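[1] Let me see the structure of the following:
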Amino acid sequence: MNAIEAITTCYRKSFHKRGRASRSEFWWFALYYLVLEGVFDLLVQGRRSHAPPSLPVELLILAVGLFAIYSFFPFVSAEIRRLHDVGRSGWWLVAGMLMGALTEAALGVDVMSALATYRLRHFVRALISGGHWGLMLALIATAAIEIAVFIFLVLPGTAGDNRYGHDPLRAGRVKRDDPRFAGGH
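    Numbering: from 1, shown residues only. Got it, this is the predicted structure:
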């Protein structure tokens, strides 16, 4: 699957969590989404703080930002379908997001508490020396889940059908291997 096919397929399947996505479908869309986010960041960073805001620039930033937010849904859908392709549940993605959110919340509470009591330096020292073992354990668990999800996204898909659906690459292989399609017919 080429980049254009992958992008159009992911938008077409924006809210389809069932089925499977090939590596090429997912990774082309991931690259596209990364570029879209980069363009948005460049537009936001490119605004001059000393110059008055320009309406066309602000509208462009708003449009690209809204499109990036909308594009998040096809990205997550493709990621879930990619996990399905390697025989894994989409709940791995949810587990990573929840662990990340809980870890950030715990870190935020600890930092805000340290700031409120003027003990940020003590907090950082304790964090580095292992004094916050619960937070360190949460960081390690989050990293482990995220690494596992990344490995699943990189692995080749299950050959043939699996419990999540048909092999997304099978259609292309059948046509090439089927004698009825030999000779360009």
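
[2] I'd like the distance from the helix ranked longest in the chain to the chain centre, please.
    Using DSSP state H to define each element, the chain has its longest helix at helix 55-85. Averaging C-alpha positions (Cα atoms, centre = their mean, to the nearest Å) puts helix 55-85 11 Å from its chain's average.

[3] List the buried residues for that helix?
    Residues 61, 64, 68, 71, 74-85 are the ones in helix 55-85 that count as buried (16 or more other Cβ atoms under 10 Å). Heads up, the C-betas are built off the backbone N, CA and C, glycines and all.

[4] Please apply the same query to stretch 105-119.
    110, 114.

[5] And the contacts of it?
    Outside stretch 105-119, the residues that touch it by Cβ atoms under 8 Å, 6 or more residues apart in numbering are 120, 122-123, 132, 134-135, 138.

[6] and what of stretch 35-51?
    Residues contacting stretch 35-51 (Cβ under 8 Å, 6+ apart): 53, 57, 60-61, 64-65, 67-68, 71.

[7] for the residues you listed, which one is nearest residue 6?
    Nearest to residue 6 out of the contacts of stretch 35-51 is residue 71 (Cβ to Cβ; 12.9 Å).

[8] which regions of this protein sit below the pLDDT cut-off?
    48-50, 118, 127, 130-132, 171-185 (pLDDT under 70).

[9] from memory residue 21 sits against residue 75, does it?
    No - Residue 21 lies out of contact with residue 75 (Cβ atoms under 8 Å); the separation is 10.9 Å.

[10] Need the overlap of contacts for these two.
    What both residue 21 and residue 75 touch, as defined by Cβ under 8 Å, 6+ apart, is the set residue 10.

[11] Can you report how many residues lie near residue 121?
    9 (other Cβ atoms under 10 Å).

[12] Residue 34 now?
    Number of residues near residue 34 (other Cβ under 10 Å) recorded here: 11.

[13] what does the one 5 residues further on give?
    Neighbouring residues of residue 39 were enumerated by other Cβ under 10 Å; the total is 15.

[14] Check the secondary structure at it for me.
    Assigned by DSSP: H, G, I helix; E, B strand; the rest coil, the conformation of residue 39 is helix.

[15] separation between it and residue 78?
    Distance, residue 39 to residue 78, using Cβ to Cβ, to the nearest Å: 19 Å.

[16] In this structure, what residue spans correspond to helices?
    Ranges of helices within the chain are 3-12, 23-46, 55-85, 91-116, 120-129, 133-154, 170-177, based on DSSP H.
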